[in-house]
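Asker: here is the input, now give the coordinates:
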Amino acid sequence: MSLGQAAGITEEQISAIESDDYMRSSLLSGREKAAVLWAEHVTRNTARDRDDIFETVKKEFTQTELIELTMMSCLFNSWNRFMDSLHMPIEGQGEVDKIRKSVYLEPAKLKNYMQEMIDNWPDEFPEPDGQALS
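Answerer: Got it, this is the predicted structure:
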């Protein structure tokens with residue numbers, strides 16, 4: 001919960017997200033509802049069987065955004081399972097405080113970073129040597 005608050009989610013929104021009725025909440029935008037819906041189905045591993053959910057979410061997000069949303073859902077699911085299995089707390093207050101300070105990205109700096117990535121993107125990638133498939 002504190003991690004969500006550090007990212008700017010209100011307590012009321014967290015309560016709405018945690019409810020079974022979040023899709024009807026006036027506290028969440030259409031994109032937020034779709035993101036929660038998708039994360040829920042990715043988490044439960046039902047996304048692949050629910051074309052209706054995929055179509056609903058696809059209306060709110062570009063293909064790139066949907067890929068990022070799916071990747072983040074998978075990442076946090078694996079992280080939570082890892083931490084839970086080792087009985088480790090996920091979000092100590094010190095870490096939450098760091099996140100609270102870092103949620104804003106300066107658009108110009110992000111654009112410069114992305115441009116540097118594009119400028120240095122290789123024209124070709126080496127072919128796999130096949131050893132990994134053995």
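Asker: surely residue 30 meets residue 60?
Answerer: Yes - counting by C-beta atoms under 8 Å, residue 60 is a contact partner of residue 30 at 5.8 Å. All C-beta atoms are positioned from the backbone trio N, CA, C, and that covers glycine.
Asker: which of those two has more neighbours?
Answerer: residue 60 (18 against 11; other C-beta atoms under 10 Å).
Asker: what strand or helix carries that one?
Answerer: For residue 60, there is no host helix or strand (DSSP states H and E).
Asker: quick one: it and residue 28 touch, right?
Answerer: No - if you go by C-beta under 8 Å, residue 60 and residue 28 don't touch, sitting 11.6 Å apart.
Asker: what do the two both touch?
Answerer: With C-beta atoms under 8 Å, 6 or more residues apart in numbering applied, the contact sets of residue 60 and residue 28 do not overlap.
Asker: any idea of the mean pLDDT in the longest helix seen in the chain?
Answerer: In the chain, ranked by residue count with DSSP state H as the criterion, the top helix is helix 63-85. Computed over helix 63-85, the mean pLDDT rounds to 91.
Asker: who does it touch, helix- and strand-wise?
Answerer: With contacts taken as 3 or more C-beta pairs under 8 Å, 6 or more residues apart in numbering; DSSP states H and E, helix 63-85 sits against helix 30-43, helix 51-58.
Asker: repeat that for 7 Å
Answerer: When contacts are defined as 3 or more C-beta pairs under 7 Å, 6 or more residues apart in numbering; DSSP states H and E, helix 63-85 sits against helix 30-43.
Asker: good, wrapping up.
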